[in-house]
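In: Return atomic coordinates for the entry below.
(3 chains)
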Amino acid sequence: MNKKLVPSFRFQLADYRFGILIYYTVVLSLLALTFFTALLHKGVVISSGASAASVVFLFVCGLCAFKENFGMSLQNGVSRRTMFTARLWVTVGLSAGMAILDEALSRFFGFLGEAFLKDAAVYSTLFDQIFQGGWSFGEVLLLSVTFNFVLCLAASAIGYFITLMFYRLNKLGKILVGAGVPVFFMVVPPVLEVLDNAIFGEVLQRIARRVMGFLLPLLFGGVPNVIGTCFALFLVFSLFAWLLLRKAVVK
Amino acid sequence: MSIQIENVSKGFGQVRALDGVSAVLEENKIYGLLGRNGAGKSTLLNIVTNRLFADSGQVLVDGQRVAENDDALSQIFLTSEKTYYPESMKVKDAFRWTRNFYPSFDEAFALRLAGSFQLNLNGKIRGLSTGYASIFKLVTALSVNTPYVLLDEPVLGLDANHRDLFYRVLLAKYGEKPFTVVLSTHLIEEVSSVLEDVVILKNGRVLCADSQENLLARGYAVSGTSSLVDSYIAGKEVLSVDSLGGLRTAYVLGKVEPGELPQGLELSRLNLQKLFIQLTNEEGEK
Amino acid sequence: MELNFNSERPIFQQIAEGIEDSILSGVFPEESQIPSITEFSVQYKINPATALKGINLLVDEGMIYKKRGLGMFVAQGAMEALGKKRKAGFYEKFVASLVKEARRLGIGKEELDVMLEKGFSEGEKDKEGEVVL
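Out: Predicted structure coming up:
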């Protein structure tokens, strides 16, 4: 096995240590606070658990995870390939760890809620909030953890891709992408709509509806679809990130 | 065992930073990589360590291609002018991590050496002054124990005492267990006595690569009255001529035959600095 | 010993001459160990190959010998041999250049003789001074 892989994995993981510590201190405090507030006021409190926040957290971490690791890797004779492999392992490990931990936290506080709050305050996970269905507890647990896991993977990969893209782009490119993407989404759809109504006789809208009608159920129609979609996002953005990283150089 | 640089070229936009550079860095020798600002020294070292990619050509370390090759890369350590350690990393943590990446890194030695240089172990690397940033990098490089250690502008910002200490530690370390050292610098006078071999880059090309001894034997300087010097150097390959009043000094390539030198002319050896300046001067600077 | 890096003479020669001086003045007595290549290299901040080359000049001349694994030692009889060698080079090194410079300054033979006389007598005084001290 490659002798730089383990050090690189450890280094990139250590980068998260401080952030994770802070993050879970905050999450635990908030969960405890919500619980005690609910206990005192006998109110119904809905908490989405930590899972949604974890997805955002990992996305932001993905955004911050590149530049310093890259410099440190090149300084210490770690190839881009090894750095990226280690990064994938870190992403998978962290996502799995946080998915399991978040599930455990949600269930634990959910259990506390049921035990102590007569109104059965709902400490539901993200999964519980989105999907209702007749699953057994075991199935829910497995699906929920998997769901959190792939969401984390995708968020992490997208964050990493974005930061790599900005690293590789020159100044002009950064401005174009930074300003262009929001402007594109703000300007193009309304313009298309106007054009569509005026000129194409709503052909575009019909096509769009067809495509969406086909795609939406396929991508998000059920739990397995969503899990598959997230995992695919993770793979695609990781691939893009690698294509950007393999030719990246020091600055 | 060697680093082989084979016909490496690299451009940045319109600028041709390296143009067909070939050189061999043999094991257990101390090299000087010399060149003026912008000659391509740092670019070459960055390509040798996989920080940049060559447009064409390749670099082999002990026969293995270095690009994206962890095994080859683990044989080399480069410190550059720029600092690539994370923003908030402390000196002592950097030592610990370096040991993780290079198991041959001698942490105890690094800590002792840091003490000799009065380097603050709890200081953040990015917060160090230019001089202490150089010291941090030197201490790391002298403790890492890889077969090839490349130092890009190693004594930047160091005071005379620290420079002295650096050269001594380097030579003591080298005497104990030789390794390949490449000192890339433009402070030639100070470093020349330490160098065994020299590679001179000019405008992205290798101007010469040889042992310092051979290099210095390539030429000589003669001085005397203008008329004597002028008649002596006629028909010889002259690098350049300095004049001060009636005194003229000519830097000549070639060997002096015994008895060939006319009365009234003084012969002197070139030193590396003189030779370097003569070889790398551009037209307008002569 | 001091090395002069700007000198016309190569450093390895200066190393060899420095060690010769030390042998002649008794700093390194016969059969005593001289510093290692690394020690010379570190002390004078020179490449070990340069130090080795200088010392090898003396090894070739039989002034220094190497004991495997132990180090380098001043040979028996090195002092006498060095004395002879230096005497042989005395004319080339000192007398010839003395006369050359004297000619350049227009100092004649008689004037030079007087100076030599003076030099010898002041040298005697210095010697007496040393004894008193």
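
In: what's the host helix or strand of B:Leu150 packed up against?
Out: Per DSSP states H and E, B:Leu150 falls inside strand B:148-152. For strand B:148-152, the packing partners by 3 or more Cβ pairs under 8 Å, 6 or more residues apart in numbering or on different chains; DSSP states H and E come out as helix B:41-48, strand B:76-79, helix B:130-143, strand B:180-185. Quick note: C-beta positions are derived from backbone N, CA and C, even for glycine.

In: ok, the first one near chain A or not?
Out: Yes. Figure legend: helix B:41-48 in contact with chain A (Cβ under 8 Å from any Cβ of the partner chain); contacting residues B:Asn46.

In: Just want the most central residue of chain C.
Out: Nearest to the geometric centre of chain C sits C:Asp21, at 3.5 Å (Cα atoms, centre = their mean).

In: Isn't that one up against C:Ile15?
Out: No. Using Cβ atoms under 8 Å, C:Asp21 makes no contact with C:Ile15, being 10.8 Å away.

In: re earlier: the residue nearest to the centre of chain C should be in a helix, yeah?
Out: Yes. Counting by DSSP: H, G, I helix; E, B strand; the rest coil, C:Asp21 is found in a helix.

In: residue contacts, it?
Out: C:Met1 (Cβ atoms under 8 Å, 6 or more residues apart in numbering or on different chains).

In: Likewise for B:Asp230?
Out: By Cβ under 8 Å, 6+ apart, the neighbours of B:Asp230 are B:Arg248.

In: mind checking how far it is from B:Ser268?
Out: Remark: distance between B:Asp230 and B:Ser268 (Cβ to Cβ, to the nearest Å) = 18 Å.

In: can you check B:Leu119 too?
Out: 41 Å.

In: Tell me which of those two has more neighbours.
Out: B:Leu119 (21 against 15; other Cβ atoms under 10 Å in any protein chain shown).

In: That one reaches B:Val139, doesn't it?
Out: Yes. Using Cβ under 8 Å, B:Leu119 is in contact with B:Val139, at 6.3 Å.

In: residues from chain A in reach of chain C?
Out: Checking chain A against chain C by Cβ under 8 Å from any Cβ, there are no hits.

In: I'd like to know which helix or strand in chain A has the lowest mean pLDDT.
Out: helix A:126-130 (a mean of 70; mean pLDDT, DSSP states H and E).

In: Please report phi then psi for C:Gly71.
Out: Per-residue torsions, C:Gly71: phi 140, psi -160 (degrees, to the nearest 10).

In: whoops, I mixed them up, A:Gly221
Out: phi -60, psi -30.

In: Mind pulling up the pLDDT for the residue most central in space within chain A?
Out: For chain A, A:Ala155 is the residue whose C-alpha lies nearest the centre (Cα atoms, centre = their mean; 2.4 Å). pLDDT for A:Ala155: 95.

In: Just list the residues touching it, thanks.
Out: So A:Ala155 contacts A:55-56, A:58-59, A:62 (Cβ under 8 Å, 6+ apart).

In: Apply the buried test to these and list what passes.
Out: A:55, A:58-59, A:62 (16 or more other Cβ atoms under 10 Å in any protein chain shown).

In: one step back: and after the strand holding B:Leu150, which helix or strand comes next?
Out: helix B:160-176.

In: quick one, phi psi at the residue of the stretch 1-150 of chain A found nearest chain C?
Out: Going by Cβ to the nearest Cβ, chain C is nearest to A:Gly77 of the stretch 1-150 of chain A, at 26.9 Å. Backbone torsions of A:Gly77, given as degrees, to the nearest 10, read phi 70, psi 30.

In: Out of the buried ones among the contacts of A:Ala155, which comes closest to B:Tyr251?
Out: Minimum distance to B:Tyr251 across the buried ones among the contacts of A:Ala155 is 59.5 Å, recorded for A:Gly62 (Cβ to Cβ).

In: give me the number of residues near the residue of chain B found nearest chain C?
Out: Of all residues in chain B, B:Gly175 sits closest to chain C, at 2.8 Å by Cβ to the nearest Cβ. When neighbours are defined as other Cβ under 10 Å, B:Gly175 has 17 of them.
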